[in-house]
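Chemist: One predicted model, sequence on top.
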Amino acid sequence: MSEPAAIDTIHGWHAHVYYDPTTTRAQAATLRDWVDARFPGVTLGRWHDVKVGPHPQAMYQILFPNELYPSLVPFLALNRLGLDILVHPNTENEYADHMRHAMWLGQDLPLDPSMLKGS
């Protein structure tokens with residue numbers, strides 16, 4: 001039996017910031033403003049006040065290049081304001097990125113893997 005091929009390419013990263021629209025949206029907005037002000041090169045995704053895709057609750061996404069990982073991820077870890085954040089690489093496999101290669105800041109939330117491409 002042969003070993004699986006190693007994955008060598010990460011095209012960038014996503015951080016999904018989860019919040020409750022009625023109780024923690026203000027914290028999510030503060031964190032979003034801090035990230036926007038401190039990290040040129042990020043792309044802030046739209047607010048989703050309802051579940052979207054595999055995500056179990058409201059969230060917005062932060063897209064960032066590999067070069068920002070060493071500074072942005074520690075910033076999120078220290079300044080998440082009690083919010084749960086999923087950080088994952090972007091490779092060629094959406095399923096593996098979210099389900100196998102992901103890191104959680106805060107609680108692990110249950111994702112819906114049926115919504116993800118790949119295996």
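Modeler: Yep, it's here.
Chemist: State which helix of this protein is the longest.
Modeler: helix 25-38 (DSSP state H).
Chemist: contacts for that one?
Modeler: Helix 25-38 has contacts (Cβ atoms under 8 Å, 6 or more residues apart in numbering) with 17, 19, 42, 44, 49, 58, 60, 62, 72, 75-76, 79-83. Bear in mind the C-beta positions are built from the backbone N, C-alpha and C, glycine included.
Chemist: If we ignore the residues flanking it in sequence, what's nearest the residue nearest the centre of the chain?
Modeler: When Cα atoms, centre = their mean is applied to the chain, the residue found nearest the centroid is residue 15 (2.1 Å). Distances taken as Cβ to Cβ, 6 or more residues apart in numbering put residue 62 closest to residue 15, at 4.3 Å, once the chain neighbours are dropped.
Chemist: so what's that neighbour up against?
Modeler: 14, 15, 16, 17, 32, 35, 42, 43, 44, 45, 72.
Chemist: for the residue nearest to the centre of the chain, phi and psi?
Modeler: When quoted as degrees, to the nearest 10, the phi and psi of residue 15 stand at phi -120, psi 130.
Chemist: who's it bridged to?
Modeler: On the basis of DSSP bridges, residue 15 is bridged to residue 62, residue 87.
Chemist: Confirm for me that it is in contact with residue 60.
Modeler: No - the pair residue 15 / residue 60 is not scored as a contact, 9.3 Å apart, by Cβ atoms under 8 Å.
Chemist: would you put the C-alpha positions of stretch 7-26 in PDB?
Modeler: C-alpha atoms of stretch 7-26 as PDB (Å, rounded to 0.1, in the frame of the first residue of the first chain):
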ATOM      1  CA  ILE A   7       0.100  18.500   0.100                       C
ATOM      2  CA  ASP A   8       2.600  21.200  -0.600                       C
ATOM      3  CA  THR A   9       0.600  24.200  -1.800                       C
ATOM      4  CA  ILE A  10      -1.600  26.500   0.300                       C
ATOM      5  CA  HIS A  11      -3.100  29.300  -1.800                       C
ATOM      6  CA  GLY A  12      -4.100  31.400   1.200                       C
ATOM      7  CA  TRP A  13      -6.200  31.200   4.300                       C
ATOM      8  CA  HIS A  14      -9.800  31.800   5.600                       C
ATOM      9  CA  ALA A  15     -10.900  32.700   9.100                       C
ATOM     10  CA  HIS A  16     -14.600  32.300   9.700                       C
ATOM     11  CA  VAL A  17     -15.700  34.500  12.600                       C
ATOM     12  CA  TYR A  18     -18.900  33.200  14.200                       C
ATOM     13  CA  TYR A  19     -21.400  35.300  16.100                       C
ATOM     14  CA  ASP A  20     -24.900  35.500  17.300                       C
ATOM     15  CA  PRO A  21     -26.800  38.400  15.400                       C
ATOM     16  CA  THR A  22     -28.700  39.300  18.600                       C
ATOM     17  CA  THR A  23     -26.000  39.000  21.300                       C
ATOM     18  CA  THR A  24     -22.500  39.100  19.900                       C
ATOM     19  CA  ARG A  25     -22.700  41.000  16.600                       C
ATOM     20  CA  ALA A  26     -21.100  44.100  18.300                       C
END
